[in-house]
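Trainee: this is the structure alone, sequence omitted:
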Ligand SMILES: [Cu+2]
C-alpha cells in the first residue's frame, strides 16, 4: 500500500492518468519468465478497482495478411482461407494481441474458466485466445471433414487429438505459456494459439486494436503484451485506487517474428 500514498507517488499517478504511454522498447524478459515469477502477497480484488484501457498498434501501418493456399479438401475449404496471423485496421490497430497484467506486490490468484476451440470452415476458431492456467478447454469440429488439434508448448507436444465432426474432447490447460496449435491432416494453413496465463487480469485486442481490463486492485504491475508474429513487449506501471490509465503499445516491424 506504500505505493499508493505520499505526494511523490500521487504526482506520478496523476501523470500516468493524463498521459498515454507509447512503448517502443524491446522486451526485457520473456513471457515464460514473467509467468513463473512468484509474487509475495495476496490482496482481494476490489469490486470497483482501477481500469486500464489502450490500443495495440503496428507501425508502419500495413494491411492484414491476405489468404493462405489450401492443399487438401479444397472441395469443402475452397482454394484458400483467410490468413489471421496479422490482422490490422486502417489506422494500424492490431487485432488478437494478448494483454496480461502481472501484479508485482501480491499473488495473482487465477480463476480457471472454460474456453472453446472449434474448427469452422477449415480454420481454428478463435484463432487466438487467452485463459487462466487450470482452465477447461473444449475441442470440437463443426466441419464435415476430419481435423486434428496438435497442441505444443515450446517443442513439447501437450496433446494431439483426432477430431471427426461427431467427437468432442475436453483438456485441462495445466501449464502456463503460449500453446501453439496445428492441424496434422495436411491442413498446413491451420494454426491457432492459446495463451495460458498465471494472472486473472487479461484481455485481447479487438479489430481496432483496443483492449480494456477492469476491477484491478491498486498497485504495481508488469503489463505483458504478446502477439503471435510480433513477439512480446513489457511495461511496468502503477495503478491508484479506482483510477483509469491509458496505455498504448506500438509494435515495430523490427520485432516481427515469423
Ligand atoms: Cu484440419
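Mentor: Ah, there it is. From a predicted model like this one, the values you see are computed outputs, not experimental measurements.
Trainee: show me which residues of the protein are close to the ion?
Mentor: Selection of the chain residues close to the ion by C-beta under 5 Å from the ion yields 147, 183, 187, 190. To be clear about C-beta, it is placed using only N, CA and C from the backbone, and glycine gets the same treatment.
Trainee: what score does residue 163 have for pLDDT?
Mentor: We have a pLDDT of 97 for residue 163.
Trainee: not counting sequence-adjacent ones, nearest residue to it?
Mentor: residue 141 (4.4 Å; C-beta to C-beta, 6 or more residues apart in numbering).
Trainee: number of nearby residues for the one you found?
Mentor: A count of nearby residues for residue 141, using other C-beta atoms under 10 Å, gives 24.
Trainee: could you chop the protein up by domain?
Mentor: The domain map for the chain lists 1-94+209-258, 111-197, with the assignment taken from automatic domain parsing.
Trainee: mean pLDDT lowest for which of these?
Mentor: Looking over these, mean pLDDT reaches its minimum on domain 1-94+209-258, with a mean of 76.
Trainee: do a quick rundown of the strands in the stretch 51-200 of the chain.
Mentor: With DSSP state E, counting those that start in this stretch as the criterion, the stretch 51-200 of the chain has strands at 67-69, 80-82, 98-103, 114-120, 123-125, 128-132, 136-139, 147-153, 156-163, 169-172, 177-183, 187-197.
Trainee: quick check: the residue of the stretch 1-150 of the chain nearest the ion.
Mentor: Nearest residue of the stretch 1-150 of the chain to the ion: residue 147, at 3.4 Å (C-beta to the ion).
Trainee: can you pull the contacts of that residue?
Mentor: Shown here is residue 147, whose contacts under the criterion C-beta atoms under 8 Å, 6 or more residues apart in numbering are 119, 141, 163, 183, 185, 187, 190.
Trainee: tell me the contacts of the nearest residue to residue 167 once chain neighbours are set aside?
Mentor: Distances taken as C-beta to C-beta, 6+ apart put residue 141 closest to residue 167, at 7.0 Å, once the chain neighbours are dropped. Under the criterion of C-beta under 8 Å, 6+ apart, the contact partners of residue 141 comprise 118, 119, 147, 163, 164, 165, 167.
Trainee: then residue 225?
Mentor: The contact partners of residue 225, by C-beta under 8 Å, 6+ apart, come to 23, 56, 97, 98, 99, 100, 232, 233, 234, 235, 249.
Trainee: how close does residue 160 get to residue 214?
Mentor: Using C-beta to C-beta, to the nearest Å, one gets 37 Å for the distance from residue 160 to residue 214.
Trainee: same check, this time on residue 200
Mentor: Here the distance between residue 200 and residue 214 works out to 11 Å (C-beta to C-beta).
Trainee: ok, the two, which is more surrounded?
Mentor: For residue 200 versus residue 214, the count of surrounding residues by other C-beta under 10 Å is larger for residue 200: 19 against 14.
Trainee: distance check, that one against the ion.
Mentor: With distances taken as C-beta to the ion, to the nearest Å, residue 200 is found 32 Å from the ion.
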